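> This is a predicted model, with the sequence first.
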Amino acid sequence: MCQAVRYELEGEPEWVWQCYCRDCQLATGTGHTTIAGFHKDRVTVSGPIANYTTTGDTGGRVSRHFCPTCASRLFTTGDLPGPLTIFQSGTLDDPNSVTPTAAIYVKDKLAWDYIDPALPQFPGMEDRY
Ligand SMILES: [Zn+2]
Ligand SMILES: [Zn+2]
C-alpha cells in the first residue's frame with residue numbers, strides 16, 4: 001500500500017488459488033485470500049519486510065511477510081512442498097494479471113463466503129502442488 005516494498009516477478013505463476021483456510025482468515029481479516037505461487041528463482045523483492053512464522057497444518061514452518069510501515073500482507077514462504085514464494089495477488093501492480101483456477105481449504109470456508117462454481121474445490125491443499 002505504501003510502495004516501500006516492490007516485487008519483480010518473471011513469467012507466469014505456477015498456480016493461482018483461492019484459499020479459504022483459517023490461517024488466511026486470521027492473517028488477512030477476510031473470508032478467503034487469493035494467492036499466486038511463483039518459483040523463488042523468478043522473484044525479486046526489495047524494501048523493508050517483517051514476518052511472522054507459525055506451524056502449518058502439515059507441520060512445516062510458514063512465514064507470512066508484511067510491510068512494517070503500512071502492515072500490508074505481502075507474501076508467504078517456508079517449508080512449502082515446492083520452491084515457491086506465494087504472493088497475495090491483491091498486492092500486485094496489476095491484480096487482474098492473475099486468475100484463480102482452484103479453491104483450496106474449502107473445509108474452512110465461512111458459511112457466508114462464496115466459491116465460484118467454475119472452480120474445482122479441494123478440502124485442503126493435498127495434491128495441489
Ligand atoms: Zn490459506
Ligand atoms: Zn507498506
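Perfect, I can see it now. Ligands and ions are numbered 1, 2, ... in the order given.
> number of nearby residues for residue 30?
Using other C-beta atoms under 10 Å, residue 30 has 15 neighbouring residues. Just so you know, the C-beta spots here come from the backbone N, C-alpha and C atoms, and that holds for glycine as well.
> and residue 78, what does it touch?
53, 56, 60, 61, 62, 63 (C-beta atoms under 8 Å, 6 or more residues apart in numbering).
> try 7 Å this time
Counting by C-beta atoms under 7 Å, 6 or more residues apart in numbering, residue 78 makes contact with 60, 61, 62, 63.
> Save these as a markdown table, and put in distance to ligand 2 too.
Compiled in a markdown table, the contacts of residue 78 are given as follows (distance: C-beta to the ion, whole Å):
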| residue | distance to ligand 2 |
| --- | --- |
| 60 | 27 |
| 61 | 24 |
| 62 | 21 |
| 63 | 17 |
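> Show me what from this protein comes close to ligand 2.
2, 4, 67, 69, 70 (C-beta under 5 Å from the ion).
> Of the residues you listed, which count as buried by neighbour count?
The neighbour count (16 or more other C-beta atoms under 10 Å) marks residue 67 as buried among these.
> Helix or strand: which one has the residue nearest the centre of the chain?
Centroid-nearest residue in the chain, with C-alpha atoms, centre = their mean: residue 35, separated by 3.3 Å. Following DSSP states H and E, one finds residue 35 within strand 33-39.
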